[in-house]
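>>> Generate coordinates for the sequence data below:
(one chain, ligands or ions: 1)
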Amino acid sequence: MAAEADLLVLGAGPAGLAAAWRAARRGQSVLVLERAENTGGMAASFEIAGMSVDYGSHRLSPATPPHILADLRALLGADLQTRYRTGRILLSDRWVTYPFKPRELAKALPRAPRTRVALDALSMLRPKAPDAAEASYADLMRAGFGPTLYQLVYEPYARKLWGVSGDELDADQARRKAGAPTAFAALTRAVRAGLAGESLAYLYPRRGFGQLTETLADAAITAGARIALGTTVERIELHEQGATVTAARSESHSAAAERAGRRSAEPWTNGGTVRAKHVFSTLPLPQLARLLVPSAPYEALAAASELRFRALLLVYAVHEGGRWSGHDVHYLPSPAAPVTRISEPANHRINPDDPSDRSVICFEIPCQVGDELWSADERQLADLVQRTVSACALPPLRLAWVQVKRLRHGYPVHNAGYRDHLAALESWIDTLPRLTTLGRQGLFTPDNVHHALDMGYQAADALGSDAFDHERWQASRREFTAHLIET
Ligand SMILES: Cc1cc2nc3c(=O)[nH]c(=O)nc-3n(C[C@H](O)[C@H](O)[C@H](O)COP(=O)(O)OP(=O)(O)OC[C@H]3O[C@@H](n4cnc5c(N)ncnc54)[C@H](O)[C@@H]3O)c2cc1C
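Okay, here's the model as predicted:
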């Protein structure tokens, strides 16, 4: 017999969990289907060598909408700690504080680039805005930060992160970045926030970033939502009254769930079908397009196949001998190494339960699914992280072992032309009244966790007991385009 729900949520990342909790609190019957054996999506945590670690460096922004932050504070209590950024960036061969401190940056730059940065800054006092319609990421970032800083930091970083040069990226990729579009505006904001003592603040849960999503999942279950883990959505059939979704339970699920003592939604024992009045999908948009029945028109499928994601390798190095560095994150824009960021999760929090005789360091390596990096084995990746550490004058790594995670959908790539493809796909999805797509993958946007939570709340708020308020949701979608991404 098919399971039934008012609302079926696909994916138990922050967006799906927030929507499930909010809708369940309003009395809707909610079922969440999640492919992984745990909740949290990319914002989950897991244990390596007795240390809770995240999927790359994760921090919760103080810009989280106040009503959502109030809910999170109520759920997490004192475990939601206020922390201060201690990151740094490698420029040429010197480490400087990041986000930048102007005076330190000026001192750290070698004489020639320093003079050029100063001249750039003078010329930017009367900035010429690039033609918005024609502008690329490179145009906007050059106009905002000056050509020298762009060349030194943002161009090589873009190439590593998204796999293409800044000229091939849409201006949206720059517009959405906190700190852009002008260095002057960023500086003013930083100084103002600095005076208020807030510039470097962020929030982080004591037991790892994933404590936030685990607590959210528990709250959703307490409110009556059911969550089925190890359950992959394979088909979404839409009809007038709602949708029938087919999913498969992974074979290893029962054993894995039992071992971990994790939640599961009964009567969802072996996969099967669910009937629901409405579906919220947080699945990657191109994947969603391929799962739908009746199938998408040719134009929409063709557009879906043009939307690109950058994959991400996360190499976790177990370091013996206590804390490795005093920083939470090290940024590496240089093209010499494929690593973009190195983070030490224990430095994101104060947790007396963290092991004191070792640390785990996470190396973020963007790549393409199937390329040489993606296919590298643990020994090759251990060599790579050791080479990176010595080339960048980082503290020596007393490496016990490495563990690797691979994310296929690390970053949506807003390359030139993406807007047309996305619009073509969305204009078809918008004709499907019983389906709403949201979240970072669902809206093909590089959003942060607080944005994903906001989307979940706003989608649930648009869901009445009988119908989904499409106009209200479209207004929310317009709001989301103003989100500023923090890195
Ligand atoms: C390296 C890195 C660092 C980041 N750092 C930060 C940070 O510091 N601060 C911050 O706020 N944000 C950060 N983010 C962004 C943050 O992780 C995302 O904004 C957030 O996880 C998006 O939530 P979501 O629910 O939209 O999607 P996701 O977390 O991607 O969740 C989608 C879920 O859908 C599931 N799914 C996919 N396909 C299927 C299927 N067929 N069937 C069933 N389930 C399926 C997936 O398993 C996943 O659990 C970072 C992201 C990355 C990659």
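>>> From here on, just use CA atoms for contacts and neighbour counts.
OK.
>>> Show me which residues of the stretch 101-250 of the chain sit near the ligand.
231, 232, 233 (CA under 6 Å from any ligand atom).
>>> same thing but 5 Å
Proximity of the stretch 101-250 of the chain to the ligand is confined to 232, 233 under the rule CA under 5 Å from any ligand atom.
>>> pLDDT weak spots in the stretch 101-250 of the chain?
110-134, 178-199 (pLDDT under 70).
>>> Report the contact partners of whichever residue of the stretch 251-400 of the chain sits closest to the ligand.
With CA to the nearest ligand atom, the shortest gap between the stretch 251-400 of the chain and the ligand falls at residue 283, namely 4.7 Å. Residue 283 makes contact with 10, 11, 437, 441, 442 under the criterion CA atoms under 8 Å, 6 or more residues apart in numbering.
>>> Now with 7 Å, please.
10, 11, 441, 442 (CA atoms under 7 Å, 6 or more residues apart in numbering).
>>> Between those, which sits nearest the ligand?
Closest to the ligand, out of all of the contacts of residue 283 and judged by CA to the nearest ligand atom, is residue 11, at 3.4 Å.
>>> Near the nearest residue to the closest one once chain neighbours are set aside, how many other residues are there?
Spatially, and ignoring its direct neighbours in sequence, residue 11 is nearest to residue 34 (4.7 Å; CA to CA, 6 or more residues apart in numbering). By other CA atoms under 10 Å, 26 other residues sit near residue 34.
>>> pretty sure residue 34 contacts residue 229?
Yes. The pair residue 34 and residue 229 passes the contact test of CA atoms under 7 Å, sitting 4.9 Å apart.
>>> In this protein, where's the longest strand?
When the chain is parsed with DSSP state E, its longest strand is strand 399-413.
>>> List the buried residues for that one?
Under the neighbour-count criterion of 16 or more other CA atoms under 10 Å, strand 399-413 has 399, 402, 403, 404, 406, 407, 408, 409, 410, 411, 412, 413 buried.
>>> List the buried residues for the host helix or strand of residue 475?
Under the criterion of DSSP states H and E, residue 475 resides in helix 470-480. The neighbour-count check on helix 470-480 (16+ other CA under 10 Å) flags 473, 476, 477, 480 as buried.
>>> residue contacts, the second one?
Okay, so that is residue 476. Counting by CA under 7 Å, 6+ apart, residue 476 touches residue 458.
>>> what's the answer for the first one, then?
Residue 473 makes contact with 459, 462 under the criterion CA under 7 Å, 6+ apart.
>>> rewinding a little: let me know the average pLDDT across the longest strand of the chain.
For strand 399-413, the mean per-residue pLDDT is 97.
>>> again, but for stretch 60-68
Mean predicted lDDT for stretch 60-68 stands at 97.
>>> What ranges does the stretch 1-150 of the chain have for its strands?
Under the criterion DSSP state E, counting those that start in this stretch, strands of the stretch 1-150 of the chain are mapped to 3-10, 30-33, 45-48, 51-54, 80-84, 88-91, 94-97.
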